[in-house]
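J.: 3D, please:
(2 chains)
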Amino acid sequence: MLVTKNLVPGESVYGEKRISIEGGVDGTKVEYRVWNPFRSKLAAGVLGGLDNIYIKPGAKVLYLGAASGTSVSHVADIVGPEGTVYAVEFSPRSGRDLINMAKKRTNVIPIVEDARLPNRYRMLLSIVDVIFADVAQPDQARIVVYNAQYFLKDGGHCVVSIKASCIDSTAPPDTVFAGEVEKLREGQFKPLEQVTLEPYERDHAMVSAVYQRHVKHN
Amino acid sequence: MATHLLFESSSGYAVFEVKLAEDIGSKSREMQDSIKDLGKFGKMVSLVSFSPFKTAAQALENINDISEGVLNESLQNLLELNLSKTSKKSKVVLGIADPILGKSIKDGLGFGVDASEKTQDLIRGIRLHASKLLTGLQTDDLKKAQLGLGHSYSRAKLKFNVNRIDNMII
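T.: Residues are numbered from 1 along each chain as shown, chains lettered A, B, ... in the order given. Model prediction:
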């Protein structure tokens, strides 16, 4: 079972189960929240075998496609109080839930804005260590590359969830995945890992890559 | 090539002077490594002025204008104050992140503007080292400013949403 250490003990974000175990400071308990791979693609990627998601304590993460913030809350647990999650979501309806989640997790900076227009939110960001993207748009790879040009450190990483039918519903998924990886490569990313999100999601892949701003890859 | 740089942050506006950024291609490994190294990067740019926002309302007003590429009065005054005093023989070229704001600045103030890749790399360097380069900021100030402004900017987006079905008043 996958869990994250609850940054706000005593509360669930979206009705997920919590587990307390002994082992905290001075005999207190430590609380974890269950991270469901059927509800979070990043969790599915971890259980699907990604060796590294580069999201770790203290990291700065730009999260594109934050939706209502359920997965973002787990990322916030992982980076902890010293880290920061810049959570971008365009839909006002999801954005409202995202803002409410962020009220209790002050390491999450909610940004209700279009991820295609990083210039619009440049005032809110520092340079980040990782970009995670789950925007389910046909031009997702371009969106990641564009955000990386402004905000991702040289040598930083991206982790991208790819839904084949969002890019091209007529081509075989493997062809679609290869095409997206190629677009990342052209955007100065060097691909590192690719896993399928089966059995949690159909025709999805998750790809990780490292940003090499000093080298041209084409 | 840019002689100066504008950096817009959640805490306020900063103007930098470009001191040393010769012809090394910005995509070379040496250049990228120098940008990462605060000691070396600190020799490439120097802070001319940092003007913190005085209130949360002022910060929100400014991010709304900046995100639309609008040159408002406070930025206009700041740029005039800091760039007009430089020697006239060397013409000012202001490096900016957003070409749309660049056009507004060029039309409004007559400065040359530059949004080339090299400028973007220098702005990336400022973004990386911002909390050290912007004098007067404490370690956590920038993060706090980002948090506050992120919430107010996003809340305002919901309030002014024209799609009323999404706009339930609670």
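J.: Please identify the buried residues of the helix or strand of chain B with the lowest mean pLDDT?
T.: One helix or strand of chain B scores below all others by mean pLDDT, DSSP states H and E: helix B:29-36, with a mean of 89. Neighbour counts over helix B:29-36 (16 or more other CB atoms under 10 Å in any protein chain shown) mark B:31-32, B:34-36 as buried. In short, each C-beta sits where N, CA and C put it, glycine included.
J.: Surely A:Lys190 is in a strand?
T.: Yes: under DSSP: H, G, I helix; E, B strand; the rest coil, A:Lys190 falls within a strand.
J.: That one reaches A:Gln212, doesn't it?
T.: Yes: between A:Lys190 and A:Gln212 a contact is recorded at 5.6 Å, counting by CB atoms under 8 Å.
J.: Out of these two, name the residue with the larger neighbour count.
T.: Set A:Lys190 next to A:Gln212 and count neighbours by other CB atoms under 10 Å in any protein chain shown: A:Gln212 wins out with 17 against 13.
J.: can you pull the pLDDT of the more buried one?
T.: We have a pLDDT of 95 for A:Gln212.
J.: where does the most centrally placed residue in chain A land in three-state SS?
T.: In chain A, the centroid-proximal residue (CA atoms, centre = their mean) is A:Phe132; its distance is 3.3 Å. Put simply, A:Phe132 is strand when judged by three-state DSSP.
J.: Roughly how far does it sit from chain B?
T.: If you measure A:Phe132 against chain B using CB to the nearest CB, to the nearest Å, the figure is 17 Å.
J.: wait, that residue sits on A:Leu42?
T.: Yes: if you go by CB under 8 Å, A:Phe132 and A:Leu42 touch, sitting 6.6 Å apart.
J.: what residues are shared contacts of those two?
T.: A:53, A:55, A:75, A:159 (CB atoms under 8 Å, 6 or more residues apart in numbering or on different chains).
J.: Same list as before, the residues you listed that is, but in JSON lines and with neighbour count, pLDDT and distance to B:Ala57 included.
T.: As requested, the shared contacts of A:Phe132 and A:Leu42 are exported to JSON lines (neighbours: other CB atoms under 10 Å in any protein chain shown; pLDDT from 0 to 100; distance: CB to CB, whole Å):
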{"residue": "A:Ile53", "neighbour count": "21", "pLDDT": "98", "distance to B:Ala57": "38"}
{"residue": "A:Ile55", "neighbour count": "22", "pLDDT": "98", "distance to B:Ala57": "34"}
{"residue": "A:Val75", "neighbour count": "27", "pLDDT": "98", "distance to B:Ala57": "31"}
{"residue": "A:Val159", "neighbour count": "26", "pLDDT": "98", "distance to B:Ala57": "37"}
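J.: Excluding chain neighbours, what is closest to B:Gly112?
T.: Once flanking residues are discounted, B:Gly112 sits nearest to B:Val93: 4.0 Å by CB to CB, 6 or more residues apart in numbering or on different chains.
J.: Can you report how many residues lie near that neighbour?
T.: By the criterion of other CB under 10 Å, B:Val93 has 17 neighbours.
J.: Check what pLDDT it gets.
T.: 94.
J.: next one: B:Arg164
T.: So B:Arg164 comes in at 51 (pLDDT).
J.: got the contact list for B:Asp141?
T.: If you count contacts by CB under 8 Å, 6+ apart, B:Asp141 has them with B:11, B:131.
J.: Let me know the secondary structure of B:Glu80.
T.: Classification of B:Glu80 by three-state DSSP places it in helix.
J.: Which strand residues bridge A:Arg18?
T.: A:Arg33 (DSSP bridges).
J.: Secondary structure element holding A:Val159?
T.: Assigned by DSSP states H and E, A:Val159 belongs to strand A:152-163.
J.: what's in contact with the helix or strand just after that strand?
T.: With elements assigned by DSSP H and E, the helix or strand that comes after strand A:152-163 is helix A:164-167. Helix A:164-167 is contacted by residues A:136-138, A:140, A:171, A:173, A:176-177, A:179-180, A:203-205 when judged by CB under 8 Å, 6+ apart.
J.: List the buried residues for the lengthiest helix in chain B?
T.: Identified as the longest helix of chain B according to DSSP state H is helix B:141-159. Residues of helix B:141-159 classed as buried by neighbour count (16+ other CB under 10 Å): B:141-143, B:145-147, B:149-155, B:157-158.
J.: between the residues you listed, which is nearest A:Leu7?
T.: Minimum distance to A:Leu7 across those is 14.5 Å, recorded for B:Leu147 (CB to CB).
J.: What score does that closest one have for pLDDT?
T.: 98.
J.: just checking, it touches A:Thr106?
T.: Yes: if you go by CB under 8 Å, B:Leu147 and A:Thr106 touch, sitting 6.2 Å apart.
J.: At the contact with chain B, which residues of chain A appear?
T.: Chain A comes close to chain B at residues A:84, A:86, A:91-93, A:95-96, A:98-99, A:102-103, A:106, A:109-113, A:119-127, A:149-151, A:153-154, A:213-216, as judged by CB under 8 Å from any CB of the partner chain.
J.: can we see that at 7 Å?
T.: Chain A comes close to chain B at residues A:84, A:92-93, A:95-96, A:99, A:106, A:109-113, A:119-124, A:126-127, A:149, A:153-154, A:213-214, A:216, as judged by CB under 7 Å from any CB of the partner chain.
J.: Mind jotting down where the helices sit in chain B?
T.: B:29-36, B:38-44, B:56-67, B:73-83, B:99-109, B:117-133, B:141-159.
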